[in-house]
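Chemist: mind folding the following:
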Amino acid sequence: MKIAIIGSGYVGLVTGTCFSDIGIDVTCIDIDQSKIKNLKDGIIPIYEPGLSEIIRRNTKKNRLHFSTDIEVINNCNIIFICVGTPETGDGSPNLDNLFKVAKDVGKCITNYSLIIVKSTVPVGTSQKINYIIQKEIDKRGVPIQFDIASNPEFLKEGAAISDFFKPDRIIIGTESDRAKEILKKLYKPFTLNGHPIIFMNNNAAEMTKYAANSFLATKISFMNDIANLCEKLSVDIDEVRKGIGSDPRIGNKFIYSGVGYGGSCFPKDIKAIIKMANDNDYEMRILKAVENINNDQKEILYSKILNFFNNDLENKTLTIWGLSFKPQTNDMREAPSLSLIKKLCEQNVNIKVYDPVAMSEAYKYLSDSVDYCNDEYKAITDSDALVIMTEWQEFKYPDWTRIKTLMKGNTIFDGRNIFQIDSLKKFGFSYISIGRPSVLNGKILKSNTIDTL
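Modeler: Numbers count the residues shown, from 1 in each chain. Sure, this is the predicted structure:
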């Protein structure tokens, strides 16, 4: 069995690498020559825990290859399409690269091929790809058979390797018995522990991807909405979270309040499904609210900072710990930190930042507007306040005594609720988080809101 992966971005690279690690011969293809050269040289374009080691291991064993030549697919009987589908101005995904790949596949294949769409695409896209490939084959006048399957990815950035090897479920859309048998064989090593393969038609598989991400985003926005109400009512959102998370119908995942979701998936997919609905004369009322709540939530910490300093941030120095949209990744796409930094820069704030892995990527978005520090404690030296934007593990148990000595001020703004209120109270800090009681100079306030500061 040989596999071709067209598109060597996040999804394609993880998919190809993990398949090679179970002994399959895999070639990852991309039109970006510099990316392919770097991959051949062992330079990985993304940060994902464990990925570099697996790439090096399987490249050395000659099971994982990288190429810019699309005709490599002729040596493979399974072809995964993993190209990006970036958001367009109206919220719909741009499928131009996807359709170009489909044309190239139709021009190249010489034997039966199973073409698997792993890119996130609107309902009906697999049918369009089928039509494009068949049209190109017809032009050549050759009787080549192929099947199309939809196999959406459900990889969490920062845990993608584990998610691939130990999936909750494998969703496959196809109406071909031949394709089903090939995919059962391909995914058998990942189903030995009871992880199910769920077969459905292509349209249902495409919709499943959007529905899953939309529901998870809904849980996040719901909890942020509840957290904001908790502040008004002097209720601790952490207690509420524990209370509802113990209900198995709700579960304890994706119910943490904070400064909103970001990344490449949730924001883009919410917009895409809203656009799909509009195109079919239907209004996604809940998801519109989810999007609005999330946009507002990205501004909430800025409002708290501005309020705390009495609307005067001129020449203040603030330190931000965490830039990526979530821990264990360097992904800055739609990161809440970008919204906050933009607002602070408008107020002429001096900003010092530290992130364990994302600072090089952040520079592409922030340029020289902030001061990049290579150590979290160096970053807080002489700062008026510390702001937490990403819940990296190394931030959770800092040396508070050292921090208090280094800082000019004594205020902590926690956008991810990672610190214990009693700890901040003990050390005499002022502490403002999301949906929890605030602390002023070591004293817990009766009201959660900082309007009383």
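
Chemist: and residue 4, that's in a strand?
Modeler: Yes - judged by DSSP: H, G, I helix; E, B strand; the rest coil, residue 4 forms part of a strand.

Chemist: residues in contact with it?
Modeler: Neighbour list for residue 4: 26-27, 29, 72-73, 75-76, 78-80 [criterion: Cβ atoms under 8 Å, 6 or more residues apart in numbering]. All C-beta atoms are positioned from the backbone trio N, CA, C, and that covers glycine.

Chemist: can you tell me which of the residues you listed is nearest residue 345?
Modeler: Lowest distance from residue 345 to the contacts of residue 4 (Cβ to Cβ) belongs to residue 29, with 40.4 Å.

Chemist: quick revisit: now the contacts of residue 4 as TSV including distance to residue 212?
Modeler: Listed next are the contacts of residue 4 as TSV, based on distance: Cβ to Cβ, whole Å:
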residue	distance to residue 212
26	26
27	29
29	27
72	32
73	29
75	34
76	29
78	24
79	24
80	19
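
Chemist: and the two most separated of those residues?
Modeler: With Cβ to Cβ as the measure, no two of these lie farther apart than 75 and 80, at 14.5 Å.

Chemist: these two: which is more packed in?
Modeler: Between residue 75 and residue 80, counting by other Cβ atoms under 10 Å, residue 80 is the more crowded of the two (27 against 12).

Chemist: quick one: which helix or strand includes the more buried one?
Modeler: Take DSSP states H and E as the rule and residue 80 turns out to sit in strand 78-81.

Chemist: can you name every helix or strand that the longest helix along the chain contacts?
Modeler: Counting by DSSP state H, the longest helix found in the chain is helix 202-233. Using 3 or more Cβ pairs under 8 Å, 6 or more residues apart in numbering; DSSP states H and E, the elements in contact with helix 202-233 are helix 125-140, strand 146-150, strand 170-173, helix 237-245, helix 266-279, helix 285-308.

Chemist: give the full set of residues in contact with the closest residue to residue 375 other than its chain neighbours.
Modeler: Nearest residue to residue 375 in three dimensions, chain neighbours excluded: residue 354, at 6.9 Å (Cβ to Cβ, 6 or more residues apart in numbering). Going by Cβ under 8 Å, 6+ apart, residue 354 touches 319-322, 372-376, 378-379.

Chemist: taking those residues one by one, which sit in helices?
Modeler: Those of the contacts of residue 354 mapping onto helices are 376, 378-379, per DSSP H.

Chemist: name the nearest of the contacts of residue 354 relative to residue 288.
Modeler: Nearest member of the contacts of residue 354 to residue 288, counting by Cβ to Cβ, is residue 322, at 28.7 Å.

Chemist: I'd guessed residue 203 sits against residue 174; true?
Modeler: No - counting by Cβ atoms under 8 Å, no contact exists between residue 203 and residue 174, whose distance comes to 11.2 Å.

Chemist: give me the more crowded residue out of those two.
Modeler: Per other Cβ under 10 Å, whichever of residue 203 and residue 174 has more neighbours is residue 174, with 23 against 16.

Chemist: hang on, the earlier thing: and the helices and strands packed on helix 202-233: which comes nearest residue 426?
Modeler: Nearest of the helices and strands packed on helix 202-233 (Cβ to Cβ): helix 237-245, 17.8 Å.

Chemist: and the contacts of that closest one?
Modeler: 223, 226-227, 230, 250-252, 255-257, 417, 434-436.

Chemist: buried subset of those residues?
Modeler: 223, 226-227, 230, 255-257, 417, 434-436 (16 or more other Cβ atoms under 10 Å).

Chemist: would you turn the residues you listed into TSV with distance to residue 102?
Modeler: Below are those laid out as TSV (distance: Cβ to Cβ, whole Å):
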residue	distance to residue 102
223	40
226	44
227	44
230	49
255	40
256	40
257	42
417	45
434	44
435	47
436	50
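
Chemist: follow-up on the earlier one: now for the contacts of helix 237-245, which pair is the farthest apart?
Modeler: Once Cβ to Cβ is applied, the contacts of helix 237-245 give 251 and 436 as the farthest pair, at 21.3 Å.

Chemist: any stretches of this structure with poor pLDDT?
Modeler: Scanning the chain for pLDDT under 70 picks out 446-453.

Chemist: show me how it divides into domains.
Modeler: Here the domain parsing of the chain from automatic domain parsing is 2-200, 201-453.

Chemist: first vs last residue of stretch 149-157, how far apart are they?
Modeler: End-to-end distance for stretch 149-157, by Cα to Cα, to the nearest Å: 24 Å.
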